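Participant: Fold the stuff below for me.
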Amino acid sequence: MSGQSFTQNNPLLGTWKLISAIAISPDGTVDAEAYGPNPSGYITYTPEGRMMVLFSRSDRLPFSADIRSPFTSNIHSVPLEERAQAFVSFNAYAVTYALSDNTVTHHVEIASIPNRVGTDLVRTFTLNGNRITLKTPPTMSGNVSKVFELMWERVEPISSIQTNTIL
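Facilitator: Take a look at the predicted model:
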């Protein structure tokens, strides 16, 4: 969509809630819990050409200490194993994006996995009513090439929810 407004014919605009995440191996085997049972997450595409996504496993455990920010020295009071578990059960990144037909390219600017910064993540997408599926190209995961498919459902704007509540 270079040179075009991101609001024209952009089916991705808005906020979407994660419904499922599956991984498909080359032999067709499907892992229906690629991100654990009932993963949660949100992805938002803005008309300014920005996208933010965050998702996590639903079985994350709270820290054993009352930590309000990972950027304070108090984080070191949490055992290393708990901090590692928190890292491997959560993923987030923010990008600028480009659209071409049914492909969206995420140009990563900030990410919970530092190695992703400065890279492009290409996804194909399929719309089906108020749901969208984003699909990765074959990606190495645990020494196995897999395709990940994340299904998202459009979230109603808050004003629509408030209007519906009043009625």
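
Participant: buried ones in the host helix or strand of Phe125?
Facilitator: Secondary structure here is read from DSSP states H and E; on that basis Phe125 sits in strand 120-128. Within strand 120-128, the residues that count as buried by 16 or more other CB atoms under 10 Å are Leu121, Arg123, Phe125. C-beta: built from backbone N, CA, C; applies to glycine.

Participant: Also stretch 29-36?
Facilitator: Going by neighbour count (16+ other CB under 10 Å), the buried part of stretch 29-36 is Ala34, Tyr35.

Participant: so where's this structure shaky on pLDDT?
Facilitator: Per-residue confidence for the chain (pLDDT under 70) gives these ranges: 1-5, 160-167.

Participant: try it again with 80
Facilitator: Low-confidence regions of the chain, defined here as pLDDT under 80, cover residues 1-8, 157-167.

Participant: which residue is nearest the middle of this structure?
Facilitator: Computing the C-alpha centroid of the chain and ranking residues by CA atoms, centre = their mean puts Val53 first, at 4.0 Å.

Participant: could the buried residues of strand 120-128 go into TSV alongside distance to Ser64?
Facilitator: Output for the buried residues of strand 120-128, formatted as TSV (distance: CB to CB, whole Å):
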residue	distance to Ser64
Leu121	34
Arg123	37
Phe125	40
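
Participant: just those residues now: which is nearest Phe148?
Facilitator: Set against Phe148, the nearest of the buried residues of strand 120-128 by CB to CB is Arg123 (9.2 Å).

Participant: The closest one against Thr103, yeah?
Facilitator: Yes - with contact defined as CB atoms under 8 Å, Arg123 counts as touching Thr103 (7.1 Å).

Participant: What segments of this protein are strands?
Facilitator: Counting by DSSP state E, the chain forms strands over residues 14-24, 30-31, 40-45, 50-56, 90-100, 103-111, 120-128, 131-135, 139-141, 144-154, given from the N-terminal end onward.

Participant: can you redo those as TSV with distance to His76?
Facilitator: As requested, the strands of the chain are exported to TSV (distance: least, CB to CB, whole Å):
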stretch	distance to His76
strand 14-24	31
strand 30-31	35
strand 40-45	28
strand 50-56	22
strand 90-100	19
strand 103-111	23
strand 120-128	32
strand 131-135	36
strand 139-141	31
strand 144-154	33
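
Participant: Quick check: which of those is nearest to Ser73?
Facilitator: Distances from Ser73 to each of the strands of the chain were compared using CB to CB; the shortest belongs to strand 90-100, at 21.1 Å.

Participant: Of all the residues in the closest one, which ones are buried?
Facilitator: Neighbour-count burial for strand 90-100, with 16+ other CB under 10 Å as criterion, is recorded at Asn91, Tyr93, Ala94, Val95, Tyr97, Ala98, Leu99.
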